[in-house]
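> coordinates only, no sequence provided:
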């Protein structure tokens with residue numbers, strides 16, 4: 001019986017006959033194919049093709065259609081259509097070759113038919129392997145530990161294989177259908193599951209016994225009784241049905257929507273431009289806010305959505321790199337919405353700009369942005385170098401200039417939306433560059449940056465702001481305007497948000513340059529910013545309509561933002577700064593464990609064992625804490641002389657994660673330091689068994 005039918009027999013017995021009949025009919029149809037296409041369908045892709053695709057392939061009329069189908073099949077699964085290679089396809093055939101070489105009959109090349117072959121082809125190489133070829137009264141066992149790459153499966157799980165006899169291949173084990181009794185030899189247990197479980201505990205230990213009751217490490221089990229749940233069989237059934245799983249099909253549909261983008265991407269400044277500026281936020285935090293702005297209106301950005309409604313759907317992929325090209329982090333955001341016919345008519349006459357926000361620490365970066373219209377599968381790519389200035393303790397300076405639209409600003413107390421600052425979101429029109437009609441107003445927003453100080457100490461201090469603009473190379477005197485700002489408006493971090501509005505009424509067509517000067521009237525220190533702007537004819541479009549990922553923005557928190565700032569500090573080898581940001585991330589949200597993982601790693605690299613030990617007391621081991629982090633926590637406690645807590649951490653980790661050689665060796669070291677040589681030797685042997 002096939003693996004899929006075996007699982008379904010347990011869970012859905014009433015469907016077995018119908019499924020078997022369907023498979024027989026499909027098999028009969030495949031017999032009409034030539035050997036080449038029959039081999040592809042039945043031996044190369046049977047574990048990754050879904051039922052609908054198989055039906056479509058069998059219905060094709062000729063070989064040209066079949067070749068086109070196969071190409072589209074692989075293209076739809078290509079994770080990076082722009083790479084020139086198909087990593088998914090290459091990996092699949094690598095797995096297939098490995099299965100045929102290492103399982104089954106090498107001469108017959110039938111390893112793909114075996115249980116091991118099917119699991120390997122479907123899930124890839126396991127993260128950990130444990131082999132128990134010989135044990136008293138227990139059949140040979142293999143345990144493969146996986147970390148899931150799909151939300152359709154648990155984050156961590158085990159797969160167990162056993163041999164019914166020395167001549168047979170390894171068979172997939174089910175805790176519910178097989179149970180420990182299937183793994184035990186001899187007459188002592190006599191098919192008694194409880195006795196068989198006790199034999200496995202005596203021969204192979206509690207960890208292996210636990211795995212025979214549940215393949216999911218986080219699922220509670222009773223080692224004193226045989227009480228398996230159906231959870232493990234549901235897991236096995238899900239694995240076998242992955243091609244038809246709704247999550248898999250949804251991801252496949254999304255990739256199909258992008259499959260033709262690669263050869264149609266529009267490159268270069270003739271299509272769009274990428275603009276960016278830095279905003280300082282509360283408590284010394286900084287973020288880059290950016291626009292990917294089309295230079296001309298694009299009518300087909302709005303069209304029929306898959307559900308038949310009118311709207312837009314885009315993907316904004318952003319990668320942050322250091323100046324020398326080292327990856328910092330990446331964001332993948334969806335921009336979408338539904339509009340009325342009237343709104344669509346207005347928007348199609350405007351230029352479009354996608355908005356984004358990137359939390360970063362001071363430094364030089366590259367930002368690479370790909371914006372794809374999911375309705376037409378056409379996209380563009382833009383790259384820009386940006387600088388996040390340091391928080392200087394001396395002097396003062398000015399940010400870039402944001403030109404914002406006449407749309408009323410809206411409240412955003414969390415400051416998590418693009419172009420939000422001081423609790424207010426402004427709709428951008430351009431950064432340091434904009435085109436206007438003579439009737440438009442030039443609305444400016446920027447920050448002044450000074451050293452952190454007590455605003456009360458600045459009472460009576462004034463800043464003179466001067467705005468001068470004129471046509472380039474016209475020979476005419478510039479138009480100027482000025483105003484005064486009270487320095488007590490600076491916040492404690494040394495940041496002041498201000499703006500100005502300039503009327504363009506009466507200005508002739510042409511290019512103008514604006515110069516903003518800020519002068520501290522007490523110290524006469526000055527800061528400058530400049531930008532060009534153009535007055536164009538009324539027939540040229542100047543208005544923007546913009547979009548950002550509302551879902552991602554609503555899900556942001558200071559913890560995630562500070563974690564990203566920590567990543568940017570790590571990428572620049574500023575580990576002390578990174579430690580501070582990861583600590584702030586945990587202070588923002590004590591449950592944000594990615595920050596804990598990074599923090600423990602960096603502190604351990606700096607031999608700051610006391611701090612790691614303190615974290616281990618604050619964050620007890622759970623299934624969410626990685627094995628590597630637990631080992632580092634245990635080692636830190638051992639370093640400060642608390643070996644009992646070190647052993648407790650590692651023993652607890654065995655309850656949540658699959659055992660590894662590193663975990664066993666760490667336990668052996670701790671028990672050796674405690675003088676418990678017997679325990680130390682036991683764990684050394686277990687580590688050796690895993691390595692073998």
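Received, thanks. Note that the coordinates shown come from a computational prediction; the quantities given were computed from them, not determined experimentally.

> what's across from residue 367 in the sheet?
Beta bridges link residue 367 to residue 320, residue 384, judged by DSSP bridges.

> wait, it sits on residue 358?
Yes. Counting by Cβ atoms under 8 Å, residue 358 is a contact partner of residue 367 at 7.0 Å. In this view, the C-beta of every residue, glycine as well, is placed from N, C-alpha and C.

> okay, those two: which has more neighbours?
residue 358 (25 against 22; other Cβ atoms under 10 Å).

> quick one, what contacts the more buried one?
Listed by Cβ atoms under 8 Å, 6 or more residues apart in numbering, the contact set of residue 358 reads 287-290, 318, 320, 331, 367, 564.

> with pLDDT added, can I get the residues you listed in a markdown table?
Listed next are the contacts of residue 358 as a markdown table, based on pLDDT from 0 to 100:
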| residue | pLDDT |
| --- | --- |
| 287 | 95 |
| 288 | 96 |
| 289 | 97 |
| 290 | 97 |
| 318 | 90 |
| 320 | 91 |
| 331 | 87 |
| 367 | 93 |
| 564 | 94 |
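
> most neighbours among the residues you listed, please name it.
Of those, with other Cβ under 10 Å as the count, residue 290 tops at 26 neighbours.

> which helices and strands does the helix or strand hosting it pack with?
Residue 290 is part of strand 286-294 when elements are defined by DSSP states H and E. If you count contacts as 3 or more Cβ pairs under 8 Å, 6 or more residues apart in numbering; DSSP states H and E, strand 286-294 packs onto strand 272-280, strand 351-359, strand 363-373, strand 378-388, strand 428-431.

> report the distance from it to the chain centre.
Taking Cα atoms, centre = their mean, to the nearest Å, one finds the center of strand 286-294 at 20 Å from the center of the full chain.

> where does pLDDT dip in the stretch 151-300 of the chain?
Applying pLDDT under 70 to the stretch 151-300 of the chain flags residues 188-190, 229-230, 254-270.

> excluding chain neighbours, what is closest to residue 322?
residue 571 (5.2 Å; Cβ to Cβ, 6 or more residues apart in numbering).

> how far away is that neighbour from residue 364?
11 Å (Cβ to Cβ, to the nearest Å).

> quick check: neighbours shared by these two?
With Cβ under 8 Å, 6+ apart as the test, residue 571 and residue 364 both reach residue 322.

> sorry, back to before: overlap in contacts, residue 367 and residue 358.
288, 290, 318, 320.

> surely the second one touches residue 356?
In other words, residue 290. Yes. If you go by Cβ under 8 Å, residue 290 and residue 356 touch, sitting 5.1 Å apart.

> who touches both of the two?
By Cβ under 8 Å, 6+ apart, residue 290 and residue 356 have these common neighbours: 369, 418.

> that older thread, between residue 571 and residue 364, which has more neighbouring residues?
Neighbours per residue, other Cβ under 10 Å: of residue 571 and residue 364, the larger number sits with residue 571, 21 against 12.

> and the more buried one, what does it touch?
By Cβ under 8 Å, 6+ apart, the contact set of residue 571 is 322, 326-328.

> if we go to 7 Å?
The neighbours of residue 571, taking Cβ atoms under 7 Å, 6 or more residues apart in numbering as the test, are 322, 326, 328.

> go on, residue 640?
Contact analysis of residue 640 by Cβ under 7 Å, 6+ apart lists 609-610, 613.

> so among those residues, where is pLDDT lowest?
Lowest in pLDDT among those is residue 609, which has 92.

> that one and residue 165, how far apart?
Distance from residue 609 to residue 165, by Cβ to Cβ: 51 Å.

> which of these two has more neighbours?
residue 609 (18 against 8).

> measure the more buried one to residue 668 for me?
According to Cβ to Cβ, residue 609 and residue 668 sit 20 Å apart.
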